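**Q** Fold the following for me, if possible:
(one chain, ligands or ions: 1)
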Amino acid sequence: MKRIRVAIFGAGIMGSSLALFLARNGAEVTLFDRCDQPMAATSRWNEGKIHLGYLYSADPTLGTVRHLLPGGLAFAPLLSRLIDADLAEHSTTSDDIYLVHHDSVVDPASMTARFAAIDELVRAHPDATRYLTDVSDARTTRVTADELDAIAGDGIVAGFRVPERSIDTRWAADQIAGAIAADGRVHFRGGETVVGAAPVNAESGTWQVRCPDGAEETFDVVVNALWNGRLPVDLDAGLDPERPWSHRYRLCVFVRTGSVVEIPSAIVAVGPFGDVKNYNGRDFYVSWYPAGLIAEGEGLELGEPRPLDAAGRERFIGSVRAGLEPLIPGVGRVFDEAEQTLVAGGFVFARGTGSIGDRASSLHLRDRFGVRRRGSYYSVDTGKYSTALWLAERLARELTE
Ligand SMILES: Cc1cc2nc3c(=O)[nH]c(=O)nc-3n(C[C@H](O)[C@H](O)[C@H](O)COP(=O)(O)OP(=O)(O)OC[C@H]3O[C@@H](n4cnc5c(N)ncnc54)[C@H](O)[C@@H]3O)c2cc1C
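**A** Next up, the predicted model:
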């Protein structure tokens with residue numbers, strides 16, 4: 001086993017899990033992030049759906065499902081191993097309901113056919129028993145008309161029960177940050193912005209990391225896992241970004257209710273709609289895409305949006321409720337029972353452009369994320385939260401075997 005010095009840029013789920021896997025394989029790791037703590041950005045504030053691919057039913061080739069599936073199925077065992085904890089109490093326990101809107105970019109008949117094909121891929125996968133629930137017999141079922149009446153409102157034309165689960169990302173973020181603090185071989189350098197990296201010595205393959213204060217340090221291997229900040233650093237390191245790509249910033253609402261609200265986790269698919277995620281009866285994620293998409297662009301980087309003031313937060317919460325409640329009326333109870341309401345969000349990087357309301361948009365594909373390299377400089381497009389651990393574990397093995 002090689003004892004290498006690795007610099008990792010970005011302490012989200014990608015960089016943090018890679019740091020832990022590498023350290024456990026014997027590497028010496030320095031983990032840089034501009035935030036003061038690991039797991040403080042997008043990987044803390046997202047929905048935590050551990051994708052099996054059903055949300056990408058607008059991809060007729062099923063290429064996205066094939067790309068997402070191994071990571072989704074491996075997520076739970078890999079995370080349990082990293083943080084030494086049982087995920088059962090921190091993940092959803094029932095199927096997600098996918099509601100089809102009459103303006104969805106996938107009609108119910110096509111969705112039925114795609115879901116059946118995805119079911120088959122899920123069932124056939126050797127890791128199907130290792131998901132957050134056993135999906136070796138995965139079969140999406142159509143929601144009956146009575147059930148649909150009870151859950152759905154305006155414009156919803158069909159519903160499906162899909163065997164996907166989600167994890168409470170704030171809990172996971174705390175556990176991962178704790179594991180980093182406890183691991184003496186991972187040196188966390190919070191409050192450090194990375195601006196570039198350059199090769200030092202072609203023979204030894206070492207790289208120098210550049211921060212704005214002029215500090216320069218040399219490492220055997222550099223891994224860029226900066227997500228929204230990744231492309232400018234890649235460019236500096238001599239790795240040209242591959243077009244197309246786009247960045248979006250999405251705000252959402254995280255609600256804790258005073259008492260249990262019994263409402264299924266339901267998502268209006270596929271297009272610019274929203275969803276409600278019920279983690280445990282009292283903790284909820286609520287999104288309304290048109291209100292939450294507060295910035296987007298196709299430049300190398302998208303700046304962090306200015307935080308909302310108290311009045312802006314109230315207006316935002318109101319617009320999320322006003323958008324989603326007509327489609328999923330039960331979500332009104334989540335807001336009525338709210339004891340704590342947080343507005344937060346994060347960046348979405350995608351190797352696609354356009355609008356998710358357009359069937360032809362390449363944003364409906366997630367079939368090209370992963371690792372690129374230039375010598376011992378690696379750049380990782382995480383793809384999704386759900387694929388990070390799988391990518392990290394494989395890269396850690398490649399770097400240390
Ligand atoms: C609203 C929303 C909902 C989502 N829902 C899901 C979902 O249900 N399931 C799913 O699988 N995925 C989901 N995603 C996507 C998922 O959150 C991301 O794919 C994932 O969190 C990216 O992880 P990461 O470690 O690459 O990035 P991050 O967690 O963003 O980590 C990158 C780190 O780099 C740091 N950084 C950036 N630039 C610099 C710099 N120049 N110098 C130093 N540090 C820097 C940041 O501070 C950050 O800590 C969602 C995203 C959003 C926004």
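
**Q** Surely Ala311 is within a helix?
**A** Yes. The secondary structure assignment for Ala311 places it in a helix, going by DSSP: H, G, I helix; E, B strand; the rest coil.

**Q** distance of it from the ligand?
**A** Per Cβ to the nearest ligand atom, to the nearest Å, Ala311 is found 22 Å from the ligand. C-beta here means a position set from N, CA and C on the backbone, and glycine is covered the same way.

**Q** dump the residue contacts of the residue of the stretch 1-150 of the chain found nearest the ligand.
**A** Closest residue of the stretch 1-150 of the chain to the ligand, Cβ to the nearest ligand atom: Gly12 (2.1 Å). Residues counted as contacts of Gly12 (Cβ atoms under 8 Å, 6 or more residues apart in numbering) are Met39, Ala41, Thr42, Ser43, Ala225, Trp227, Thr382, Ala388.

**Q** what do you get for Pro264?
**A** Ser94, Asp96, Ile97, Ile151, Asn278.

**Q** State the next helix or strand along the chain beyond the lengthiest helix in the chain.
**A** Among all segments of the chain classified by DSSP state H, the helix with the greatest residue count is helix 63-83. Remark: after helix 63-83, the chain's next helix or strand is strand 96-101, criterion DSSP states H and E.

**Q** What's the separation between Arg250 and the ligand?
**A** For Arg250, the distance to the ligand (Cβ to the nearest ligand atom) stands at 4 Å.

**Q** Count the neighbours of that residue for me.
**A** In terms of burial, Arg250 registers 20 neighbours under the definition other Cβ atoms under 10 Å.

**Q** ok, back up a step: Gly238: which of the contacts of Gly12 is nearest?
**A** For the contacts of Gly12, the minimum distance to Gly238 (Cβ to Cβ) is 17.8 Å, reached by Ala225.

**Q** I figured that closest one hits Leu22, correct?
**A** No. Counting by Cβ atoms under 8 Å, no contact exists between Ala225 and Leu22, whose distance comes to 11.7 Å.

**Q** Pick out whichever of the two has more residues nearby.
**A** Per other Cβ under 10 Å, whichever of Ala225 and Leu22 has more neighbours is Ala225, with 31 against 27.

**Q** Name all residues that make contact with the more buried one.
**A** Here Ala225 is in contact with Ile8, Phe9, Gly10, Gly12, Met14, Gly15, Leu18, Val380, Thr382 (Cβ under 8 Å, 6+ apart).

**Q** between the helix or strand containing Thr112 and strand 96-101, what angle do the directions make?
**A** When secondary structure is defined using DSSP H and E, the element that contains Thr112 is helix 108-124. Put simply, helix 108-124 runs at 160 degrees to strand 96-101, going by axes from the mean of the first three to the mean of the last three Cα atoms, to 10 degrees.

**Q** need the contact list for the nearest residue in space to Asn278 that is not next to it in sequence.
**A** In space, not counting the residues next to it along the chain, Asn278 is nearest to Ser265; the distance is 4.9 Å by Cβ to Cβ, 6 or more residues apart in numbering. The neighbours of Ser265, taking Cβ under 8 Å, 6+ apart as the test, are Thr92, Ser94, Asp96, Ile97, Ser166, Asp275, Val276, Lys277, Asn278.

**Q** repeat that for 7 Å
**A** Counting by Cβ atoms under 7 Å, 6 or more residues apart in numbering, Ser265 makes contact with Thr92, Asp96, Ile97, Ser166, Val276, Lys277, Asn278.

**Q** Okay, and the beta partners of the second one?
**A** With DSSP bridges as the criterion, Asp96 is bridged to Val162.

**Q** pLDDT wise, what is it at?
**A** Per-residue confidence for Asp96 comes out at a pLDDT of 98.

**Q** sorry, back to before: against Thr30, how distant is the residue of the stretch 1-150 of the chain closest to the ligand?
**A** As for Gly12, its distance to Thr30 is 16 Å (criterion: Cβ to Cβ, to the nearest Å).

**Q** next one: Thr206
**A** When distance is defined by Cβ to Cβ, Thr206 is 14 Å away from Thr30.

**Q** same question, Arg123
**A** Where Thr30 is concerned, Arg123 sits at a distance of 43 Å (Cβ to Cβ).

**Q** doesn't Val276 make contact with Phe284?
**A** Yes. Using Cβ atoms under 7 Å, Phe284 is in contact with Val276, at 6.2 Å.

**Q** Check the contact lists of those two and give me the overlap.
**A** In contact with both Phe284 and Val276: Val334, using Cβ under 7 Å, 6+ apart.

**Q** Looking at the two, which one has more neighbours?
**A** Neighbours were counted for Phe284 and for Val276 using other Cβ under 10 Å; Val276 has more, 28 against 24.
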